[in-house]
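**Q** give me a 3D structure for the following:
(chains A and B)
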Amino acid sequence: MKVLFRNVAEMVELCESENISISELMIRQEMNVKDLSYDEVYGQMEKNLDVMEKAIEDGLKGVESHSGLTGGDAVLIQKYMQNHEPLSGDILMDAVSKAVATNEVNAAMGTICATPTAGSAGCVPGTLFAVKNKLNPTREQMVRYLFTSGAFGFVVANNASISGAAGGCQAEVGSAAGMAAGAIVEMAGGTPAQSAEAMAITLKNMLGLVCDPVAGLVEVPCVKRNAMGASNAVVAADMALAGVTSRIPCDEVIDAMFKIGQSMPTALKETAQGGLAATPTGRELEAKVYGINLKKE
Amino acid sequence: MKYKSVFDIIGPIMIGPSSSHTAGAARIGRVTRSLFGREPKWVKIHLYGSFAKTYKGHGTDVALMGGILDYDTYDPRISKSLEVAKEKGIKVQFHEEDAHTDHPNTARVRIGDDDGDIELVGISIGGGKAEITELNGFELRLSGEHPAILVMHNDRFGAIATVTQALAKHELNIGHMEVSRKEVGKEALMVIEVDQNVSDNVLKELEAFDNILQVAKVVE
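**A** Residues are numbered from 1 along each chain as shown, chains lettered A, B, ... in the order given. Alright, predicted model coming up:
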């Protein structure tokens, strides 16, 4: 039951000294901790991949949540892409539509895989099934993408937080986007150190993001936050692959995220008391969802 | 380290929309069911904190009921669980409570039939992870750091020894263990934290012993 790495620096160092990928290190650690064989660990992750693929398929067919607040945007984006050349590029918009598809399915009480949470479940699969069309990975490389994402998430969860109630949206979508960025780099042939740079660059640009869901539901703005998290991840991965590095090391960015989360007011941490939830329209939607009459003042 | 497995991060597979308000709630319901050991005839659930305020929007109610029907976090039947319960003639009540609890996502679950009932308090701590803090009036003190099982048993000599011997046979090392009872010779509870994961086969083996009433795994 031995944990091999506790932070990103240790993770990268181990990968370099053993000459292995981050996904391989994560698989070895899981085998150690759970006392399982390679096939058992791999097989369980492959099931997660199947669920993600199905969720995207369902979302691209079009779904609507019980509250009626979300649904149908993934379809709109895909249709737009069929008739237009997206200004931000095919892969970016494909990632966005698939992240949105996943979170729309989640909001509609469909089946998803939490990565690392349900509210941030779109970033990792959204980017995976978009860059897949460019990189043409094997099924095994796709499963490994999830282990690489998981390795970064593992560090964040243990050294900071992956809970919106504890750390705001930066802890959920911020972490998810950073996890995705690290995994894109590995799939594209980058080094473990470049994966860490991509994670750092992504998370740096998600710092301070608050968790302010309208009516307390995992819908508005969560679905679109996943869209932007996915695009942030793709851009940061490209930057890291180009050789751009973060002046602040990845572990220190994660630590900064944790401290920002601690000093964030409770009203902005999944309580539906502040931010977008407390706007006039946010309150109106909330009243509608719960069938409450707003007093006219 | 609070999170030990990559599958705490990539996973669980679950019905949306919230890992804490839906998947965690389903897990609380399912532990209640596995401790009760059969389908109940009635269900009374008290919701506290954020659970009480947002349960309808998050489907916390259908998730808890789904768990009580023995559905896993990813079972699509969860969304129809209240209808299934109605068809089966199970009486279901939800109560929204104002009382302040230590954790924002807390549920007190009571289920039963003509032959008995069970009551527990569960909290959902995030990412789909859930903890049981109270069972039939017994307060549980689980670290959450190690796999844990609960064993309801009759307060008789040898009951504890049979369980610990069986765990030893399967090379499962006990790191922490508590035994409590309310009255001599009546119902008692063992809370056992072990270093290795406990398979379902081991649980079944324990359940078959004399004087063992119910066995459930509460921490993976």
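
**Q** okay, and the helix or strand of chain B with the least pLDDT?
**A** helix B:49-58 (a mean of 81; mean pLDDT, DSSP states H and E).

**Q** do that helix and chain A meet at all?
**A** Yes - for a cut-off given as CB under 8 Å from any CB of the partner chain, helix B:49-58 has contacts with chain A, namely B:50, B:53-54, B:56-58. Every C-beta, even on glycine, is put in place using the N, C-alpha and C of the backbone.

**Q** neighbour count for these - can I get that in TSV?
**A** Converted to TSV, those look like this (neighbours: other CB atoms under 10 Å in any protein chain shown):
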residue	neighbour count
B:50	23
B:53	17
B:54	25
B:56	17
B:57	24
B:58	25
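
**Q** would you check which pair of these lies furthest apart?
**A** B:50 and B:56 (12.4 Å; CB to CB).

**Q** circling back: list the contacts of the least confident helix or strand of chain B.
**A** By CB atoms under 8 Å, 6 or more residues apart in numbering or on different chains, the residues outside helix B:49-58 that reach it are A:66-67, A:165, A:215-218, A:270-272, A:289-290, B:17-18, B:21-22, B:25, B:47, B:60-61, B:94, B:96-98, B:100-101, B:103-107, B:124.

**Q** give me the subset of those lying in helices.
**A** Per DSSP state H, helices hold the following members of the contacts of helix B:49-58: A:165, A:289-290, B:25, B:60-61.

**Q** I'd like the mean pLDDT over the longest strand anywhere in chain B, please.
**A** For chain B, the longest strand by residue count, based on DSSP state E, is strand B:116-126. When pLDDT is averaged over strand B:116-126, the result is 89.

**Q** who does that strand pair up with?
**A** Next to strand B:116-126 in the sheet, as set by DSSP bridges, lie strand B:105-113 (antiparallel), strand B:129-135 (antiparallel).

**Q** buried residues in it, which are they?
**A** Buried residues in strand B:116-126, defined by neighbour count with 16 or more other CB atoms under 10 Å in any protein chain shown: B:118-126.

**Q** now, which of those residues sits nearest residue A:266?
**A** Nearest member of those to residue A:266, counting by CB to CB, is residue B:126, at 15.6 Å.

**Q** does that closest one really touch residue A:162, like I thought?
**A** Yes - with contacts counted by CB atoms under 8 Å, residue B:126 reaches residue A:162, the gap being 7.3 Å.

**Q** which neighbours do those two share?
**A** residue A:117.

**Q** in the chain, where is pLDDT below threshold?
**A** Using chain A here. Low-confidence regions of chain A, defined by pLDDT under 70, span residues A:1, A:293-297.

**Q** actually, chain B is the one I wanted.
**A** Ranges of chain B meeting pLDDT under 70: B:143-144.

**Q** what helix or strand does the residue positioned nearest the centre of it sit in?
**A** Residue closest to the mean C-alpha point of chain B, counted by CA atoms, centre = their mean, is residue B:31 at 2.5 Å. Using DSSP states H and E, residue B:31 falls within helix B:24-36.

**Q** how about the residues of the stretch 151-297 of chain A by chain B?
**A** A:151, A:153-154, A:157-158, A:162-163, A:165-166, A:179, A:215-219, A:270-272, A:289-290.

**Q** swap in 6 Å and give it another go.
**A** Residues of the stretch 151-297 of chain A found near chain B (CB under 6 Å from any CB of the partner chain) are A:153-154, A:157-158, A:163, A:216-218.

**Q** make JSON lines out of these and add neighbour count.
**A** Listed next are these as JSON lines, based on neighbours: other CB under 10 Å:
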{"residue": "A:153", "neighbour count": "31"}
{"residue": "A:154", "neighbour count": "29"}
{"residue": "A:157", "neighbour count": "24"}
{"residue": "A:158", "neighbour count": "19"}
{"residue": "A:163", "neighbour count": "24"}
{"residue": "A:216", "neighbour count": "23"}
{"residue": "A:217", "neighbour count": "27"}
{"residue": "A:218", "neighbour count": "31"}
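
**Q** what about the strands in the chain?
**A** Since you didn't name a chain, this refers to chain A. Using DSSP E, strands in chain A cover A:111-113.

**Q** can you look at chain B instead?
**A** When assigned using DSSP E, the strands of chain B occupy the ranges B:13-15, B:42-48, B:91-96, B:105-113, B:116-126, B:129-135, B:138-139, B:148-154, B:174-181, B:187-194, B:212-219.

**Q** let me know the angle separating the longest one from helix B:49-58.
**A** This points to strand B:116-126. Here the directions of strand B:116-126 and helix B:49-58 differ by 90 degrees (axes from the mean of the first three to the mean of the last three CA atoms, to 10 degrees).

**Q** centre of the chain to strand B:116-126, how far?
**A** Counting by CA atoms, centre = their mean, to the nearest Å, strand B:116-126 is centred 6 Å from the centre of its parent chain.

**Q** likewise stretch A:73-85?
**A** On CA atoms, centre = their mean, the centre of stretch A:73-85 falls 22 Å from the chain's centre.

**Q** got it, and stretch A:29-36?
**A** 24 Å.

**Q** hmm, that stretch in reach of chain B?
**A** Yes - using CB under 6 Å from any CB, we find that stretch A:29-36 touches chain B at A:30, A:33.

**Q** residue B:219 bridge partners, please.
**A** Following DSSP bridges, residue B:219 is listed with bridge partners residue B:148.

**Q** how much space is there between residue B:169 and chain A?
**A** 17 Å (CB to the nearest CB, to the nearest Å).

**Q** who's in contact with that residue?
**A** Residue B:169 sits next to no residue when contact means CB atoms under 6 Å, 6 or more residues apart in numbering or on different chains.

**Q** in chain A, what residue spans correspond to helices?
**A** A:8-18, A:22-34, A:38-61, A:73-83, A:90-107, A:123-135, A:139-159, A:164-167, A:169, A:175-187, A:192-204, A:222-241, A:250-263, A:280-290.

**Q** what's the most buried one of these?
**A** helix A:175-187 (a mean of 33; mean count of other CB atoms under 10 Å in any protein chain shown).

**Q** quick one, that one and helix A:8-18 angle?
**A** Compare the direction of helix A:175-187 with that of helix A:8-18 by the same axes, to 10 degrees and you get 20 degrees.

**Q** got a list of contacts for helix A:175-187?
**A** A:21-22, A:116, A:120, A:123-124, A:127, A:131, A:135, A:137, A:145, A:148-149, A:152-153, A:156, A:162, A:194-195, A:198-199, A:202-203, A:206, A:229, A:232-233, A:236-237, A:240.

**Q** how about the CA coordinates for that helix, as CSV?
**A** Listed in CSV are the C-alpha atoms of helix A:175-187, where the atom choice follows Å, rounded to 0.1, in the frame of the first residue of the first chain:
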residue,chain,number,x,y,z
SER,A,175,-8.5,21.2,-11.6
ALA,A,176,-10.3,19.3,-14.4
ALA,A,177,-8.9,21.6,-17.1
GLY,A,178,-5.4,21.3,-15.7
MET,A,179,-5.7,17.5,-15.6
ALA,A,180,-6.8,17.6,-19.2
ALA,A,181,-3.9,19.8,-20.3
GLY,A,182,-1.4,17.5,-18.8
ALA,A,183,-3.0,14.5,-20.5
ILE,A,184,-3.1,16.2,-23.9
VAL,A,185,0.6,16.9,-23.8
GLU,A,186,1.4,13.2,-23.0
MET,A,187,-0.9,12.0,-25.9
